[in-house]
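> Sharing a model prediction with you, sequence too.
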Amino acid sequence: MAEKLLRIYKHNLAGLELIPSGGGVFEVKLNERLIFSKKKLSRFPHDGEVEEKIREEL
């Protein structure tokens, strides 16, 4: 997913940080704002879901 996000938004993102964790946590933040949380939704994102949320924020 990180590679795809960098490819799609390379001109709109100043950086991308991957933070390893445990316990089933998978979160995506944009400018410190949580835009997707597996823990909160009890599921991984659907195909294209994170990209759409980033597009909405930009």
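Okay, I see it. Residues are numbered from 1 along each chain as shown.
> can you give me the strands in this protein?
Here the chain has its strands, by DSSP state E, at 27-30, 33-37.
> what's the model's confidence in the first one, averaged?
Mean pLDDT, computed over strand 27-30, is 88.
> So for that strand, what gets flagged as buried?
Neighbour counts over strand 27-30 (16 or more other C-beta atoms under 10 Å) mark 28, 30 as buried. Any C-beta I mention is one placed from the backbone N, CA and C, and that applies to glycine too.
> by contact count, what packs against it?
strand 33-37, helix 49-57 (3 or more C-beta pairs under 8 Å, 6 or more residues apart in numbering; DSSP states H and E).
> The longest one relative to strand 33-37, how many degrees between them?
Angular relation of helix 49-57 and strand 33-37 on a 0 to 180 degree scale: 150 degrees, by axes from the mean of the first three to the mean of the last three C-alpha atoms, to 10 degrees.
> Buried residues, helix 49-57. List them.
Of the residues in helix 49-57, those buried under the neighbour-count criterion (16+ other C-beta under 10 Å) are 50, 54.
> what's the answer for the shortest one, then?
In terms of neighbour count (16+ other C-beta under 10 Å), strand 33-37 has its buried residues at 35-36.
> List the strands paired with it, with their directions.
Using DSSP bridges, strand 33-37 pairs in its sheet with strand 27-30 (antiparallel).
> Can you name the residues in contact with the strand it pairs with?
34-39, 45, 50, 53-54, 57 (C-beta atoms under 8 Å, 6 or more residues apart in numbering).
> and the closest residue to Glu49 other than its chain neighbours, what does it touch?
Computed as C-beta to C-beta, 6 or more residues apart in numbering, the closest residue to Glu49 that is not its neighbour in sequence is Phe36, at 6.9 Å. The neighbours of Phe36, taking C-beta under 8 Å, 6+ apart as the test, are 26-28, 45, 49-50, 53.
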